[in-house]
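Peer 1: predicted model and sequence below, questions to follow.
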Amino acid sequence: MTSTESTSRERVTLGLAQAIEEKGYATSTIADIARCAGVSKRTFYENFSDKESCFLALYIYLSQHAVAAIREVLTMTPTWPEQLHAVANAYIQALRKRPALTRAIFLEINSAGPPALATRRVVFDAFAELLQDLAKEGRRNKPALRELSRPMAMAIVAGVNELALLTIEAGRSMRLGDLEQVACDLFTAVVGD
C-alpha cells in the first residue's frame, strides 16, 4: 500500500467518524462519508467495499490509538498505583473525547454481525494484553501482586466496557469519571494491591 493509499484510507475512515458524529451510524450514507472525508464516492469504494467494512476499520483505528495512548501513559508513570490510575484515566478520557462516536461504536459493534464480533474480540485481546503488561509491571515493584491470566484480563476488559456501554446507553456522561475508580477497584480485586 502506498502512502497516498494509506492517507486516502485514513481520510475515509475518519470521514465515517465525522459522519457518525453528525448523523449517527445507521443514517450515514457513503455520500456522507465521502463528503466528510473530502473525497469522492469513487475514492471511498477504492478503499472499502461498503460502510460496514469502513466501520470495522474505524473501530480498529480508534482502538489502536487508544491502546497506544494508554501504553504511552504507562511508560511515563513511575509507580504501581499511579500507573493503574493513569491507565484507567487514559481509557476513560479516550471514551469521553468524542461521546457521540463512542456511543455509536459501543452500540453498533455488538450488532454488526460476525465479522464485527470477531474484530471486537481482537480489539479486546489487545486491551487484555495491555492489562497483563500493567500487572507484570506492577509485580516488579510489588512482588505480592498476582499474575493476571489472559482470561481474567479479558473479563476485566469486557466488564469495564459493559459498564461504559450501560453508562453511555443511559445518556449519562458517566459519570464516566466514576468508571475510572471502578476499573481500578476491579483490577486490584483480581491482582491485589
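Peer 2: Yep, it's here. Note that the structure is a prediction, hence the values are computed from the model and not measured.

Peer 1: now the helices for the chain?
Peer 2: 3-23, 30-37, 41-47, 51-76, 80-97, 99-108, 114-141, 150-169, 175-191 (DSSP state H).

Peer 1: what does the third one contact?
Peer 2: I take that to be helix 41-47. 5, 8, 9, 12, 15, 30, 31, 33, 34, 37, 54 (CB atoms under 8 Å, 6 or more residues apart in numbering). For glycine as for every other residue, the C-beta is placed from the backbone atoms N, C-alpha and C.

Peer 1: if we use 7 Å, what do you get?
Peer 2: Outside helix 41-47, the residues within contact range by CB atoms under 7 Å, 6 or more residues apart in numbering are 8, 9, 12, 30, 31, 33, 34.

Peer 1: residues of that helix that come out buried?
Peer 2: 43, 44, 47 (16 or more other CB atoms under 10 Å).

Peer 1: so what's the first one scoring on pLDDT?
Peer 2: The model reports residue 43 with a pLDDT of 97.

Peer 1: quick test: name the residue nearest the centre of the chain.
Peer 2: Nearest residue to the geometric centre of the chain (CA atoms, centre = their mean): residue 63, 3.6 Å.

Peer 1: which ones are touching the residue lying closest to it once chain neighbours are set aside?
Peer 2: Spatial nearest neighbour of residue 63, excluding adjacent residues (CB to CB, 6 or more residues apart in numbering): residue 123 at 4.3 Å. Residue 123 makes contacts with 59, 60, 63, as judged by CB under 7 Å, 6+ apart.
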